[in-house]
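> Mind looking at a prediction? Sequence and model below.
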Amino acid sequence: MNDLNDISLSEIIKLVKSKKISSVELANHFINNIKKGKKLNSFITTCFDQTIKDSKNFDKKQNFDGLLPGIPIAVKDLFCTKNIKTTAGSKILENFVPTYESTVTNNLWEEGAILLGKLNCDEFAMGSSNETSFFGNVINPLENNFVPGGSSGGSATALAASLTPATIGTDTGGSIRQPASFTGTVGLKPTYGLCSRWGIVAFASSLDQAGPMTKNVEDCALMLEAISGYDKKDSTSINRKKENYSKNLKRTIKGIKIGIPKEYRVDNMPKEIDQLWKNGIDILKKSGAKIIDISLPHTKYALPTYYIVAPAEASSNLARYDGIKYGYRSKKGNNLIEMYEHTRAEGFGDEVKRRVLIGTYVLSSGYYDAYYLKAQKVRKLIKGDFDNSFREVDAILTPSTPSSAFKIGEKANDPISMYLNDIFTVPVNLAGLPAISIPAGKDHKGHPLGLQLITKALDEQKILNIAFAMEKEIDFKQSLNRWWE
Amino acid sequence: MKDKFDYFIKTEKGKWEVIIGLEVHAQVTSKSKLFSSSSTKFGEKPNTQVSLVDSAFPGMLPVINKFCIEQAIKTGLGLNAKINLRSIFDRKNYFYADLPAGYQISQYKNPIVGEGSVTLDMPYGTKKVGIERLHLEQDAGKSIHDLSPDNTFVDLNRSGVALMEIVSKPDLRSPDEVNSYVKKLRTIMRYLGTCDGNMQEGSLRADVNVSVRKEGEKNFGTRCEIKNVNSIKFMEMAIESEAKRQVELLESGKKIVQETRLFDTKKNETRSMRSKEEAHDYRYFPDPDLLPLEIEQGYVDDLKNKLPELPDKKKERFINKFKLTPYEANVLISENNISEYFEEVIKTADIKLAKNWIIVELFAVLNDKNLDIKDSPVSSKNLANLINFISSGEISGKIAKKVFELMVQSGDEPSKIIKDKGLQQQSNPKELEKIIKNVLKKNLDEVTQYKAGKEKLYGFFVGEVMKASSGKANPKLVNDILKKELKK
Amino acid sequence: MPIDKNQVKKVAKLSRISLDDSKLESLSKDLVSILNFVEELNKLDTNEIKPLTSVIDKSLDTRDDTVSDGQIKDQILKNSPEKNEDFFIVPKVVD
Ligand SMILES: [Mg+2]
Ligand SMILES: [Zn+2]
């Protein structure tokens, strides 16, 4: 059954529905891959006994009504899963076992999917290389010693290495799209409010969104359809009818207006990225799209804005990890305050500490107006840029990242150079818009590179349709020699 | 009672005015919490009224209780305040054992209710106290320090219960005014049904801000905040002792440090909460899990139209329509249940008798038995009947008191008691004539003296007749017959 | 220099994270470079701009006042580091 590694989720579903393969056989295949993929370190927790039990159950019932009938799927360890350890990549949640299931993962199980395990990620999703996880670095299956990107690095690696047929991640500043770009996979960050945040360990509440990571656009549409939808338990969830993204998927480009923002042509951008972008534009042109030069004048302020807003929210969101109710508690300290200080010093890694401290600082008295309030004003300008553009164009095309995957440790000692990785992805989160990254080419090392499509809020169908058409023209191929096995 | 304001801290060196502002925390009357669906019930087993949201588990999100919003708006309307159609929920960040999220959801720059006012009836006239704002926020849990020497125990049953924080302007000037203000707030909220005002259960607490200044001085002095005082008596005591402390400091040339203090009820003094104060910086910012709360003017108008008659209006009506004195009106409107009882009684009974019977006789019984008027053993209908027996002359006031006593004991209707105990007034002229004649016969000496001009003895004859009739004789008939008989 | 070591100490205290001297040194350096990086925003005049409150165009949803949660003490206490049947237990609070 080795060819299961080369086919898409949609094709696997066809095999299951036509009873060419059972759910148990599928589960065993991926369990086997996971066992052989230990070197990649993409899993924090597996639950194989439960996986087999659930897939046997599925095979007994033979109910193919769901979108994901009997499909084993691993998810980022930021989604709370009932009775399965959920760590957010942090020591402070090392032994935390939720008694509840996140809405998004619950939606997956409702559609017939079965949990394979929990995927490694940057601690509390704070990172762009999966080097901040308490559970160790994740390796890019493309080449040993290279990062898969982050924070959904475990998800990207597991998907690219076929340890799971599809997966979900979360994206606060690029955490789905950047690792997708680094691993030659498809990743979509939906409109803020399209997928419920209930039961997802929060990083920055006004930016966090769950989204699918898949091998192709068709799978992406399917997964998005499965996980999205209104949830009354999330006050920021958008109340609207569920869309059939997969059924309505069409290759439509003709007559569509695509904006090319000049501000994304940043200094020192590698030639390869520039070339990739040009190729993308050419493909769109050839397919009948209208290319329009646009300006998003406040783009250069997006990253500084993000590095005020996200840490501010995080500093508050992470206050609940105090050693009292769940998670790690330090044995040191003679009173409550000392217990807090040691618990959080020992429980959080360096990047989390950096961001909590920055966040605390920018909210503290005397600095609030200069930093946090200022950032929320600039955020308004950034959103305004997009609103203006979408009066003119249907979608915007940019590179997903300013480089391909880098070496482990290469940027670990310089937070700013790490942060610059998200320069193209962050503006979208600040504006609450949907964006997809699709693999679009390779650099000189043979490492994949992605292109990003952005639309106005709730235009996911349009994004998927354009990406679907581009995907066909680009015809990106990636075959891995499974060196890690 | 003084008819002139006179509350100053007087020392050899001068006369100090005391400036007081209150932050009252009133628990919203609601079944479930402000941002979760667990119960607000008081006195349940520890940690049983707690949801995953109240205990801040990872990924949990707040969803606001519609009824609590309505209660806050109604209270705002009751305080003659501006209702803000757009308000924002903020996070107030600090670490504490009974604050599971590490922040309290509150409202900071954009509260749901803006400026308003409350009118107090002081012996020296009415006084308007400004309301700065009212906002909604979550209560914290409870830390229990006395169960173990090494540990603090935490119960989150209260965590997330909705509170209205009502902030007054620094308009109060004495413990008496504070007493009157808190009671007035409580009356208004009870009328509205928005807070039960039960201070024993912690439904009403206040942070008291106190400062002093020399009489005549225009600027305010540095204030101290006395946290979480949970009875009116303690508020009065705390203000008195804190004001004295500040005056002593200032008169000895020292400065007041703006700080948070605690009132020690046993020592009757306030003390600094230094350790808690250290490095306090709440880092308020809009809660990104919640969107701005937008309400429509039509909704507010609707609530306004449905508002019950509030204490001030009711008082005015009682004075004008029922000719009550301001004192009587105040007593009868002090609680909705009382005014309802009163209005029920006077539907069929005489107003003058009714107000006296309620204020004197009924209140004595309720006080004695520590009962709320809605649990009164004498129903409004029965009291009205009793009063009507008096008005119609069927029983005397004196007998009525006896009947009332029996009504309290049994809860029975007055007609039944009067009949069973044979307490009807003796109004048969022939029977009375017989009794009177008998009395006169037994007291011939006094009759002679009376006829000789000692008219004072008239009262004696009346008394003897009443005694002979066990108090049941109709006084008017007794008078008529006695005079006739004595002329013979 | 947007932040010095003393300020970092203060912020760490507020954040309830204990820092030993070597951590303080390296973190201070990082915080300075991050704050310098975000200084970029000061080039922008935002006096006339209202801050963004939400990226989505809707008002706050509400729920009815019904009791449908709680009574899950075991679930609430199950993960607590210091086991007790009824309470969360923490080191003594000193006031
Ligand atoms: Mg206060
Ligand atoms: Zn308060």
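Received it, and whenever you're ready, just let me know what you need. Ligands and ions are numbered 1, 2, ... in the order given.
> can we go C-alpha only for contacts and neighbour counts from here?
OK.
> check contacts around the residue most central in space within chain C.
Nearest residue to the geometric centre of chain C (C-alpha atoms, centre = their mean): C:Ser15, 7.0 Å. By C-alpha atoms under 8 Å, 6 or more residues apart in numbering or on different chains, the contact set of C:Ser15 is A:Ser315, A:Ala319, A:Val356, A:Leu357, A:Thr360.
> Show me these that map onto helices.
The helices, defined by DSSP state H, take in A:Ser315, A:Val356, A:Leu357, A:Thr360 from the contacts of C:Ser15.
> what's the most distant pair in these?
Distances among the ones in helices among the contacts of C:Ser15 were taken as C-alpha to C-alpha; the most separated pair is A:Ser315 and A:Leu357, at 7.2 Å.
> Who are the contact partners of A:Lys17?
So A:Lys17 contacts A:Phe64, A:Pro69 (C-alpha under 8 Å, 6+ apart).
> circling back: ok, and which of the ones in helices among the contacts of C:Ser15 reach chain C?
Residues of these in contact with chain C (C-alpha under 8 Å from any C-alpha of the partner chain): A:Ser315, A:Val356, A:Leu357, A:Thr360.
> Among those residues, which one sits closest to C:Lys73?
Of these, the one sitting nearest to C:Lys73 (C-alpha to C-alpha) turns out to be A:Ser315, at 28.1 Å.
> wait, the closest one sits on A:Thr360?
Yes - because the distance of 5.8 Å satisfies C-alpha atoms under 8 Å, A:Ser315 is recorded as touching A:Thr360.
> how far away is the residue nearest the centre of chain A from chain C?
Nearest to the geometric centre of chain A sits A:Ile176, at 2.1 Å (C-alpha atoms, centre = their mean). Per C-alpha to the nearest C-alpha, to the nearest Å, A:Ile176 is found 20 Å from chain C.
> now that residue: how far from A:Thr185?
10 Å (C-alpha to C-alpha, to the nearest Å).
> between the two, what contacts are shared?
Listed as contacting both A:Ile176 and A:Thr185 by C-alpha under 8 Å, 6+ apart are A:Met213.
> Now do the contacts for A:Gly150.
Contacts for A:Gly150 (C-alpha under 8 Å, 6+ apart) come out as A:Cys121, A:Asp122, A:Ala125, A:Gly127, A:Ser128, A:Ser129, A:Asn130, A:Ser175, A:Ile176, A:Gln178, A:Pro179.
> May I see these arranged in TSV, with pLDDT and distance to A:Leu15 as well?
Converted to TSV, these look like this (pLDDT from 0 to 100; distance: C-alpha to C-alpha, whole Å):
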residue	pLDDT	distance to A:Leu15
A:Cys121	98	31
A:Asp122	98	34
A:Ala125	98	35
A:Gly127	96	37
A:Ser128	96	36
A:Ser129	97	35
A:Asn130	97	34
A:Ser175	98	31
A:Ile176	98	28
A:Gln178	98	31
A:Pro179	98	28
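> and which of those residues is nearest to chain B?
Comparing these against chain B with C-alpha to the nearest C-alpha places A:Ala125 closest, at 13.4 Å.
> And for the closest one, nearest residue in space, chain neighbours not counted?
Setting aside the residues directly before and after it, A:Ala125 is nearest to A:Ser151 in space (C-alpha to C-alpha, 6 or more residues apart in numbering or on different chains), at 4.9 Å.
> Might one say that the one you found is in contact with A:Leu119?
No - when contacts are counted by C-alpha under 8 Å, A:Ser151 is not listed as touching A:Leu119 (10.7 Å).
> Spell out which helix or strand contains the residue found closest to B:Lys304 once you drop the neighbours it is linked to in the chain, please.
Counting by C-alpha to C-alpha, 6+ apart, the nearest residue to B:Lys304 once its immediate chain neighbours are dropped is B:Leu77, at 6.8 Å. Element membership of B:Leu77 [criterion: DSSP states H and E] is helix B:66-78.
> Go through that helix and flag the buried ones.
For helix B:66-78, burial by neighbour count (16 or more other C-alpha atoms under 10 Å in any protein chain shown) applies to B:Phe67, B:Cys68, B:Ile69, B:Gln71, B:Ala72, B:Ile73, B:Lys74, B:Thr75, B:Gly76, B:Leu77, B:Gly78.
> Repeat that for stretch A:264-275.
A:Tyr264, A:Arg265, A:Glu272, A:Ile273, A:Asp274.
> wait, does that stretch contact chain C?
No - judged by C-alpha under 8 Å from any C-alpha, stretch A:264-275 and chain C are separated, with a smallest distance of 15.8 Å.
> And the contacts of that stretch?
Contact partners of stretch A:264-275, identified using C-alpha under 8 Å, 6+ apart, comprise A:Thr299, A:Thr398, A:Pro399, A:Pro402, A:Ser403, A:Phe424, A:Asp443, A:Leu449.
> so A:Asn32, which of the three states?
helix (DSSP: H, G, I helix; E, B strand; the rest coil).
> Give me the helices and strands touching the lengthiest strand in chain C, please.
Using DSSP state E, we find that the single longest strand of chain C is strand C:88-91. Contact here means 3 or more C-alpha pairs under 8 Å, 6 or more residues apart in numbering or on different chains; DSSP states H and E; on that basis strand C:88-91 packs against helix A:336-347, strand B:151-155.
> list the helices and strands the longest one packs on?
When contacts are defined as 3+ C-alpha pairs under 8 Å, 6+ apart, helix A:336-347 packs onto strand C:88-91.
> quick check: mean pLDDT across the strand it packs on?
Average pLDDT, strand C:88-91: 96.
> That strand pairs with which strands, and in what direction?
Partners of strand C:88-91 in the sheet, by DSSP bridges, are strand B:151-155 (antiparallel).
> Put the alpha carbons of the partner strand into PDB.
The C-alpha atoms that make up strand B:151-155 are tabulated as PDB, following Å, rounded to 0.1, in the frame of the first residue of the first chain:
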ATOM      1  CA  ASN B 151      -2.100  26.500  52.400                       C
ATOM      2  CA  THR B 152      -4.900  28.600  51.000                       C
ATOM      3  CA  PHE B 153      -8.000  26.800  49.700                       C
ATOM      4  CA  VAL B 154      -9.800  28.200  46.700                       C
ATOM      5  CA  ASP B 155     -13.500  27.800  45.900                       C
END
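> Now do the following helix or strand past that strand: distance to the chain's middle.
Moving toward the C-terminus from strand B:151-155, the next helix or strand (DSSP H and E) is strand B:162-168. Centre-to-centre, strand B:162-168 and its host chain are 17 Å apart (C-alpha atoms, centre = their mean, to the nearest Å).
> Measure how far the next helix or strand after strand B:162-168 is from the centre of its chain, please.
Counting by DSSP H and E, the element after strand B:162-168 in chain order, helix or strand, is helix B:175-192. Helix B:175-192 has its C-alpha centroid displaced from the chain centroid by 6 Å (C-alpha atoms, centre = their mean).
> what do you get for stretch A:142-149?
Counting by C-alpha atoms, centre = their mean, stretch A:142-149 comes out at 17 Å from the chain centroid.
> Only C-alpha atoms, please: export it in PDB.
Taking Å, rounded to 0.1, in the frame of the first residue of the first chain, the C-alpha atoms of stretch A:142-149 are listed here in PDB:
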ATOM      1  CA  LEU A 142      12.700  17.600   2.600                       C
ATOM      2  CA  GLU A 143      16.100  17.500   4.200                       C
ATOM      3  CA  ASN A 144      17.600  16.700   7.500                       C
ATOM      4  CA  ASN A 145      18.600  19.700   9.700                       C
ATOM      5  CA  PHE A 146      16.100  22.000   8.000                       C
ATOM      6  CA  VAL A 147      13.100  23.500   9.800                       C
ATOM      7  CA  PRO A 148       9.600  22.800   8.600                       C
ATOM      8  CA  GLY A 149       8.600  26.400   9.500                       C
END
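> List the buried residues in it.
For stretch A:142-149, a neighbour-count test (16+ other C-alpha under 10 Å) marks A:Leu142, A:Glu143, A:Asn145, A:Phe146, A:Val147, A:Pro148, A:Gly149 as buried.
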